[in-house]
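Asks: The following block contains a protein sequence and its predicted model.
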Amino acid sequence: MKKLFLIVTAMFAVVSFSACSDDDDNGSGSDLARPALPDPNDVCSCMDDLLFMDYCYAFFDINKDSKVSKAEAEAAKTIDFDDSDWENENNKKDIKSLKGIGYFVNLEELDCPYASLTEVDLSQNKKLTSIYFYQCEALERVTLPSTLTSISVEAFGGCTSLTNITIPNSVTLIEDSAFIGCTNLTSITIPNNVTSIEDQAFNYCDNLQSFKGKFASSDNRCLIMNDGTLVAFAPAGLTEYTIPDGVTKIGRCALNGCDNLTNITIPESVRSIGDSGLYCENLKEIYCKPSTPPSLGYYDVFPSSAKIYVPTKSVNAYKAANGWNKYADQIVGYDF
């Protein structure tokens, strides 16, 4: 009861004294990240979400004075709404705002899955190394810190309302499944400093129309790493596709889940295809141009319903090749 009274009192302070702070108390940054503090001794006084306030009072009020000072906020390294020690952990889906998070300037890890957030500004959280907004289905806008070096595993997985996001130039790594299932993402730009994009980073992004920036193919439909590996595909609006010449490897799960595709052509340059690399459920025709069978991953490279057309002179080689032999009944000769 005492905690509830304190939170309600703080909320009342937000309404009653929103114009009271001067610039020295405000810090810098946007109104969402570091708004004015009605109570300069309590960063929670600027917050508009009771659950976020409750979490901060529970974990960061070190001296137990029913306030979270700027010093206490600056000492925080982790915000984890999945923490089982938080009595409201099961209510994290009801978190609607992280207003005031910019005062946690030394925050390194932010775990906020399943929340009802629509907008987040992390521009002031320049020490962040790990972010996790998995299944935040209402999330539309995110401002990332300019110092972030990686997009974590499943960081935005299942964020189905996200239509656009700017990846900072500081990012060098996009990890496994970082944007998987972002079904309303339409375009994304890969900054020049990115050196690695892991498996399934953009799988099941059904409305993704184009990649721009580093590694983008000339038609903007693929991300192709410097070694010739195709790691991601933008499938929106396509039922057939010819993989660009020069691709040497179709990466693991590269086109997995592109279920509108019915026809695909593999160029002569391809030497290997990873696990589930072309597993698109409605794929009916695969035209495979290499004279020598590319090496295959072990797990479900192609759907069982697809016909696989290979050079006529290479039919026997394909049917006998390791991995290809389990698709022998699907293999048909074709004069390219």
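Replies: Arrived safely, thanks for sending. Because the structure is predicted, anything quoted here is derived from the model rather than measured. Numbers count the residues shown, from 1 in each chain.
Asks: A73 looks like it's in a helix, true?
Replies: Yes: assessed with DSSP: H, G, I helix; E, B strand; the rest coil, A73 lies in a helix.
Asks: neighbours of it, just the number please.
Replies: Per other CB atoms under 10 Å, the neighbour tally for A73 reads 21. (C-beta placed from N, C-alpha, C; glycine too.)
Asks: G102 is in contact with that one, correct?
Replies: No: look at A73 against G102 with CB atoms under 8 Å: they stay out of range, at 9.5 Å.
Asks: Can you show me the helices along the stretch 201-336 of the chain?
Replies: 315-320 (DSSP state H, counting those that start in this stretch).
Asks: Strands of the stretch 151-300 of the chain, start to end?
Replies: 173-174, 187-190, 196-197, 210-213, 222-224, 229-233, 240-242, 249-250, 263-266, 272-273, 285-288, 295-296 (DSSP state E, counting those that start in this stretch).
Asks: among those strands, which is nearest Y309?
Replies: Minimum separation from Y309 across the strands of the stretch 151-300 of the chain (CB to CB) falls at strand 285-288, 4.8 Å.
Asks: Show me what that closest one pairs with in its sheet, parallel or antiparallel.
Replies: Take DSSP bridges as the rule and strand 285-288 pairs in its sheet with strand 263-266 (parallel), strand 307-311 (parallel).
Asks: So R252 sits against Y298, correct?
Replies: No: using CB under 8 Å, R252 makes no contact with Y298, being 10.5 Å away.
Asks: higher neighbour count, these two?
Replies: More crowded of R252 and Y298, by other CB under 10 Å: R252, with 20 against 11.
Asks: any idea how far that one lies from F179?
Replies: Note on R252: its distance to F179, by CB to CB, to the nearest Å, is 16 Å.
Asks: ok, now R221?
Replies: 16 Å.
Asks: The two: who's more crowded?
Replies: More neighbours surround F179 than the other of R221 and F179, with 26 against 22 (other CB under 10 Å).
Asks: what's the more buried one in contact with, if anything?
Replies: Contacts for F179 (CB atoms under 8 Å, 6 or more residues apart in numbering) come out as I151, A155, F156, G157, C159, L162, L185, I188, A201, F202, C205.
Asks: if we go to 10 Å?
Replies: By CB atoms under 10 Å, 6 or more residues apart in numbering, the contact set of F179 is 151, 154-159, 162, 165, 167, 185, 188, 200-205, 208, 232.
Asks: Same question for A216.
Replies: I188, T189, I190, S210, C222, L223, I224, A232, A234.
Asks: Can you select the buried ones among those for me in ChimeraX?
Replies: Remark: buried members of these, expressed as a ChimeraX selection using 16 or more other CB atoms under 10 Å:
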select :188,190,222,223,224,232,234
